[in-house]
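Engineer: Sequence plus the predicted model coming up.
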Amino acid sequence: MKYIFVTGGVVSSLGKGLTAASLGTLLEARRLRVVLQKFDPYLNVDPGTMNPFQHGEVYVLNDGAETDLDLGHYERFTNCVLTRHNNLTSGQVYETVKERRGDYLGKTVQVIPHVTDVIKARIRELSDESKYDVVITEIGGTTGDIEGLPFLEAIRQFILEVGPQNVVNMHVTLVPYIKAAHELKTKPTQQSVAKLREIGLQPQVLICRTEKPLDRDLRRKLSMFCSVSENAVVEERDVEHTIYEVPLTLHAEGLDQLVCDLLHLETPEPDLADWRKFVERAVSPKKRVKIAVVGKYMDVRDAYKSIYESLTHAAASEDCGIDLKLIDAESLEDGVVGQNKDLAGVLVPGGFGVRGIEGKLNAARYARENKIPYLGLCLGMQVATIEFARNVCGIKDANSTEFDKDTPEPVISLLEEQRGVRNKGASMRLGTWPTQIVKDTLAEKLYGDTEVTERHRHRYEFNMKYRDRMYAKGFVISGTSPDGTLAELIELRDHPYFVGCQYHPEFQSKPNKPHPLFKGFIQACLAGQTGRATHARADQESLHRVSERELVPQ
């Protein structure tokens, strides 16, 4: 078993997760069996209770674990199917240390060895499984953070135990460009590596995040001051178009071959043909569509990370690019203005709380009335349901008990098993659940199957008491739980593409395997755009013919 540890220095948000995921892509292309895990030093047990403004999206795994968004990169960039064992936080570590229970037999409980033993045990959980060749472990935060010290110490101990010949330490760092001096500066990287050395870790590979190319002299300087081989100073420049270029740029720098050499792994050259083809379609598409995403956290790009990536996957499969129009739901509370008439599609993502709900309702109504393709995810499905109940079925007081617990028309209501829940963390309906697809529906056409499994994260559900009244007006429940008691998927009969799902399909989309709901959404957007363009040309030709007739003398 071989191990790669990815640490980060200087500042946060350098892209350690993307770097680790990209290396996973390259090693899999060399036919190695790879698994990734993320260690987060914060004291939360998981990010499930964090505000998206602070931490970005919460990524949900098959087993219901609420995890860091980097695990989304891991699953998208590789063939890994991860579990709660692939994400460890300081909160989980300290929760595991049960001194009051007598687990330590009267010993003094300390960070070393008791806390570090828990961390090392999590690495060994994966390495004990013989189905992997390489374990890539990313350490969150920035080197020098007080919360991260036990994790770095655990790595130091772990290397001693498994032997340095089986480990590569990879440090992602910043080489900033000082515009006034027209110069790249190496001092931040030198100091970051010095911090690592104080802890007892020496990186063998430096991944240098930079805006400008690293020349030979600068690489030589970093090599000397950081005690890293010159060919192990790897440039990771900002990509021009898409994050899916990162594996290709790192391969061009020779990172995958370097890591294999350091780990004494003999592998074939990587087969990156399919990956290159996907990137080419994403970078140079033949068509483009404009899609609005109407949400609550539009200032934080990572808040809807998996949704944006799923749109990219689906669009690339149709050789199409996307112009995203990010709309704050609160800006639509007085209605959808005319500037949105050129939209090819509307997507409303999930979320919690009443803020911006009226704007989301207006977005759903606009898409429904103007026959614009609509995709509603979790809360996006619920607001579409409320809007339809109010404006089509005449249920004027239709609402969700999340927004009005005393509503007389609870079209969306709390799950029965959620009524007594008081704790916020990991208390929702979480993880993979089966969905039975109704025959002869758009859903069956999209999935090509009558039963699928999807990942959930919610507390509220469609109230089945309203099913018949809404069905009579064209509201179709096209997917349910196997026992038929829960609505999982809805669509409208008289609409080119109006789909809402209670689950989160964005968590199962991959670059060369887009999710069916996203793929169908993009196809509908393209078809609608083509249809509108055809109508517009026909109208212009008709006007032209009329004007010509007017010029003919009578």
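Structural biologist: Received the coordinates, thanks.

Engineer: which residue ranges form the strands in the stretch 151-300 of the chain?
Structural biologist: 167-174, 177-178, 183-184, 205-210, 233-237, 287-295 (DSSP state E, counting those that start in this stretch).

Engineer: so what secondary structure elements neighbour the second one?
Structural biologist: This means strand 177-178. Counting contacts by 3 or more C-beta pairs under 8 Å, 6 or more residues apart in numbering; DSSP states H and E, strand 177-178 packs against strand 183-184. To be clear about C-beta, it is placed using only N, CA and C from the backbone, and glycine gets the same treatment.

Engineer: Run through who's touching the strand it packs on.
Structural biologist: Strand 183-184 is contacted from outside by Val175, Pro176, Tyr177, Ile178, Thr210, Lys212, Leu214, Leu218, using C-beta atoms under 8 Å, 6 or more residues apart in numbering.

Engineer: What of stretch 94-107?
Structural biologist: Outside stretch 94-107, the residues that touch it by C-beta under 8 Å, 6+ apart are Leu43, Val45, Val109, His114, Val115, Val118.

Engineer: ok so, going back, tell me which of the strands of the stretch 151-300 of the chain lies nearest to Lys38.
Structural biologist: Nearest to Lys38 among the strands of the stretch 151-300 of the chain is strand 167-174 (13.6 Å), distances taken as C-beta to C-beta.

Engineer: For that closest one, which residues meet the burial criterion?
Structural biologist: Val167, Val168, Asn169, Met170, His171, Val172, Thr173, Leu174 (16 or more other C-beta atoms under 10 Å).

Engineer: Same question for stretch 182-190.
Structural biologist: Leu184, Thr186, Thr189, Gln190.

Engineer: who's in contact with the nearest residue to the last one once chain neighbours are set aside?
Structural biologist: Closest residue to Gln190 apart from its sequence neighbours, by C-beta to C-beta, 6 or more residues apart in numbering: Phe225 at 4.8 Å. Residues counted as contacts of Phe225 (C-beta under 8 Å, 6+ apart) are Thr186, Gln190, Val193.

Engineer: ok, the second one to Met428 distance?
Structural biologist: Using C-beta to C-beta, to the nearest Å, Gln190 is found at 46 Å from Met428.

Engineer: Name the member of the contacts of Phe225 with the shortest distance to Glu28.
Structural biologist: For the contacts of Phe225, the nearest to Glu28 is Val193 (28.8 Å; C-beta to C-beta).

Engineer: who touches the residue nearest to the closest one when sequence neighbours are not counted in this structure?
Structural biologist: The spatial neighbour of Val193 that comes closest, neighbours along the chain excluded (C-beta to C-beta, 6+ apart), is Cys226 at 4.4 Å. Shown in contact with Cys226 (C-beta under 8 Å, 6+ apart): Thr189, Gln190, Val193, Pro203, Leu206.

Engineer: Serialize the contacts of Phe225 to a markdown table and add fields for pLDDT and distance to Leu442.
Structural biologist: Putting the contacts of Phe225 into a markdown table (pLDDT from 0 to 100; distance: C-beta to C-beta, whole Å) gives the following:
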| residue | pLDDT | distance to Leu442 |
| --- | --- | --- |
| Thr186 | 95 | 57 |
| Gln190 | 96 | 58 |
| Val193 | 96 | 55 |
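
Engineer: Inside helices: which ones of those?
Structural biologist: Secondary structure defined by DSSP state H assigns Gln190, Val193 of the contacts of Phe225 to helices.

Engineer: nearest to Lys131, of the contacts of Phe225?
Structural biologist: The closest of the contacts of Phe225, once distances to Lys131 are taken by C-beta to C-beta, is Val193, at 34.2 Å.

Engineer: Counting neighbours, what do you get for that closest one?
Structural biologist: Counted with other C-beta atoms under 10 Å, the neighbours of Val193 add up to 24.

Engineer: Pro203 is in contact with that one, correct?
Structural biologist: Yes: Val193 lies in contact with Pro203 (C-beta atoms under 8 Å); the separation is 6.3 Å.

Engineer: Can you work out which residues contact both of those two?
Structural biologist: Shared contacts of Val193 and Pro203, defined by C-beta under 8 Å, 6+ apart, comprise His171, Cys226, Val228.

Engineer: now, which of those sits nearest Leu486?
Structural biologist: His171 (47.3 Å).

Engineer: who's in contact with that closest one?
Structural biologist: Applying C-beta under 8 Å, 6+ apart, the residues near His171 are Val6, Thr7, Gly8, Gly9, Thr143, Ser192, Val193, Leu196, Pro203, Val205, Leu206, Ile207.

Engineer: same question, Cys260
Structural biologist: Cys260 is in contact with Leu27, Arg30, Glu266, Thr267, counting by C-beta under 8 Å, 6+ apart.

Engineer: biggest separation within those, which pair?
Structural biologist: Pairwise across these, and taking C-beta to C-beta, the largest span is found between Leu27 and Glu266, at 12.9 Å.

Engineer: Quick check on the two: which one has the bigger neighbour count.
Structural biologist: Neighbours per residue, other C-beta under 10 Å: of Leu27 and Glu266, the larger number sits with Leu27, 26 against 7.

Engineer: Tell me which other helices or strands the helix or strand that contains that one touches.
Structural biologist: If you go by DSSP states H and E, Leu27 is part of helix 16-29. Here helix 16-29 touches strand 2-8, strand 34-40, helix 70-77, strand 134-139, strand 167-174, helix 246-252, helix 255-262, going by 3+ C-beta pairs under 8 Å, 6+ apart.

Engineer: Using a markdown table, lay out those together with distance to Ser478 and mean pLDDT.
Structural biologist: Below are these laid out as a markdown table (distance: least, C-beta to C-beta, whole Å; pLDDT from 0 to 100):
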| stretch | distance to Ser478 | mean pLDDT |
| --- | --- | --- |
| strand 2-8 | 42 | 97 |
| strand 34-40 | 35 | 95 |
| helix 70-77 | 26 | 95 |
| strand 134-139 | 39 | 96 |
| strand 167-174 | 45 | 97 |
| helix 246-252 | 37 | 97 |
| helix 255-262 | 44 | 97 |
